[in-house]
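1. Provide a 3D model corresponding to the input given below.
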Amino acid sequence: MATINTLHRFAQIEWENKSFVPIDGLETNDPPLRITRALPQVTFRMPDWDAFISEVEKRFPNDKQYKLTLDECIALCLYTKEMDKESLYVLVNAALRSGNEKKRNSWLPFLQLFYSAVKKMPNFQGRCWQAGATGILDQIELEERIAWSVLNGKDISAYSCNKNRNEIVILPGTRLHVNDVSYNNNLGINEIDLEEIADDVLELDPVEHETALCTSKDEPFNTINKMEPNGSTALHAAACYGHEKVVELLLQKGASCTTLNKYNSTPLDEAKTDRIKQMIHRRMNKSRFVSESIEWIFPTDKADFQAHQYWKIMEKYGQDPQFYKLIDYIKKNYLEKDLQHTEDIDTVRQYFDMAINEKDPVYLLKAYTAETGFYSTLNIHLAQLHLENLTNDENLSQAYYIRIIARHPKFNTLWYKGTVFRGMMITNNDLCQYQIGTKILNKTFSSSSKQLNIASTFLCDNPHKDDRLSTICIYEIRYERTALDIQDMSIFQDEEEVLILPYIAFKIIDIQINEDKSPQVKIKLKECEP
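-> Next up, the predicted model:
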């Protein structure tokens, strides 16, 4: 039994397609029992119990990250601990699989404590793996073919007895359909592709997958847009089968709306319901690659001088080597005060927390590229700033944010030179103010793409509700410290994003107008000498 236990948690020994009685009382308003009372003493006994408890207490003296109680920490560590005799996870899952209500109820107090802890863990959405016994293939059925990524996983790596395993728990009640069974010639193993079924309410349902699965994870941002063996992404599948809640979650996590599946269709083409079409349209219409207004300072011969003055002031800010303290300042004085009602601000907070805890500025860029209200609100505030007010206390957060992204050495390899494209909706009055030779100064972060079709696609998906003209701006980036190639950092990697920094001066070198075509206007801009 000890040999099996080593990987038992990460191995599926059997899998029977049947329904089970719901686990009543798993979630309760009453506080769970202490760990010593929650464990069934007749079934489970652990040698060196006191030493184990002491070890957990030392490891988590005061859990501030997820605010777990000591008993909750012990429950997670105990579930992941390998033992010479039957480990706890073996006993728990055997009871859940048995269908014997008495056996299951004997573990209910522990399950309540374990579930209380797992609920506080970060969500995991993406691809994860588990080993399976050879005989499991005989129990797999392929009649139903529906596919998308795991949406309800919980990342318990921080509390696992082996943190290197990147452990994900898939809770009882998770329902899975077989997508594909294939043989991997390189590894010499069979691969079973299972993807989660989700309802509009993503809570515990009558238990169909009865055990608490433990799996090992891959990076969710890299997998959510993965082309699956069936030739579609998770978003294609969710849209096709009409699973509106899943579509909503996938869009929030960065699922691409422009990827083509093997049928040469986008998720919008596959959408089954009008609401799904509206959600995808809304995501596309909110694109960072299309501006609904002029973000430039109006034409001025002093654009290059103004750019120099802005950056002269900016160089004084954000130079603290302990930059994560500045990020904490931004979070407390900007996110929590000025952006508390911004759409999906919790997602932005999570990225800022990761930047602070991991001391990694990359998460500031991920926060910007996530489809939340953050980037649009930030740019509105930047557009409203005047040079003389840049150093005011109420504006320091924006100054710190710009300075960290523009000058942190971790981004030195990302400087981009070349041509990029950005969409814009402008009025005839706006257009009249631009002439070849005019200099302009952008005051905001401007997302652009190395691919014309990306900016054009988003531009065409913006409905023309007035007399504004669809416009493509073609930027020639000539110098370092002007724009960052953030394709690999963006959660929408297919968009090949280049982020143009604020306070960069450009000169208009060409304007083409044809109101019978789309885009109706093309403006070419060349970066001024710094």
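
2. Could you use CA atoms for every contact and neighbour count after this?
-> OK.

3. Wait, Q398 touches A383, no?
-> No - if you go by Cα atoms under 8 Å, Q398 and A383 don't touch, sitting 11.2 Å apart.

4. got any ranges where the stretch 1-150 of the chain has weak pLDDT?
-> 1-25, 41-43, 84-85, 127-150 (pLDDT under 70).

5. where along it do the strands fall?
-> 11-12, 123-126, 128-129, 131-132, 150-155 (DSSP state E, counting those that start in this stretch).

6. so what's A406 closest to, chain neighbours aside?
-> Among residues not flanking A406 along the chain, R481 sits closest, at 6.7 Å (Cα to Cα, 6 or more residues apart in numbering).

7. got a list of what that neighbour touches?
-> Counting by Cα atoms under 8 Å, 6 or more residues apart in numbering, R481 makes contact with 406-407, 415.

8. and stretch 323-330, which residues are buried?
-> By neighbour count on 16 or more other Cα atoms under 10 Å, the buried set for stretch 323-330 is 323-324, 326-328, 330.

9. In strands only, show me those residues.
-> The members of these all map outside strands under DSSP state E.

10. want to throw the residues you listed into TSV with distance to S449 and pLDDT?
-> Below are the buried residues of stretch 323-330 laid out as TSV (distance: Cα to Cα, whole Å; pLDDT from 0 to 100):
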residue	distance to S449	pLDDT
F323	29	84
Y324	29	87
L326	29	91
I327	27	93
D328	30	93
I330	28	93
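
11. Taking those residues, tell me the two that lie furthest apart.
-> Spatial extent of the buried residues of stretch 323-330 (Cα to Cα) is set by the pair F323 and I330 at 10.7 Å.

12. Any regions of the stretch 401-530 of the chain where pLDDT drops low?
-> Ranges of the stretch 401-530 of the chain meeting pLDDT under 70: 458-467, 491-492.

13. residue ranges of the helices in it, please?
-> With helices called from DSSP state H, counting those that start in this stretch, the stretch 401-530 of the chain shows them at 428-432, 452-460.

14. With respect to I511, which of those lies nearest?
-> Minimum separation from I511 across the helices of the stretch 401-530 of the chain (Cα to Cα) falls at helix 428-432, 9.5 Å.

15. sorry, back to before: if we take the buried residues of stretch 323-330, which one ends up nearest to K359?
-> Y324 (5.7 Å).

16. mind checking how far L326 is from R104?
-> 50 Å (Cα to Cα, to the nearest Å).

17. swap that for I192, sorry
-> 29 Å.

18. all strands for the stretch 201-350 of the chain, in order.
-> Under DSSP E, counting those that start in this stretch, the stretch 201-350 of the chain gives strands at 213-217, 290-291, 296-297.

19. helix/strand/coil for the closest residue to N389 other than its chain neighbours?
-> Sequence neighbours aside, N395 is the residue nearest to N389 in space, at 7.5 Å (criterion: Cα to Cα, 6+ apart). Assigned by DSSP: H, G, I helix; E, B strand; the rest coil, the conformation of N395 is helix.

20. From S447, how far out is N395?
-> Distance from N395 to S447, by Cα to Cα: 22 Å.

21. quick one, which of those two is more surrounded?
-> S447 (26 against 17; other Cα atoms under 10 Å).

22. Thought E496 was touching that one, still the case?
-> No - the pair S447 / E496 is not scored as a contact, 10.0 Å apart, by Cα under 8 Å.

23. Now do the residue nearest to N389, the pLDDT please.
-> In this model, N395 is scored at 86, pLDDT.

24. wait, doesn't it sit right on E388?
-> No - counting by Cα under 8 Å, N395 sits too far from E388 to count as a contact (11.0 Å).
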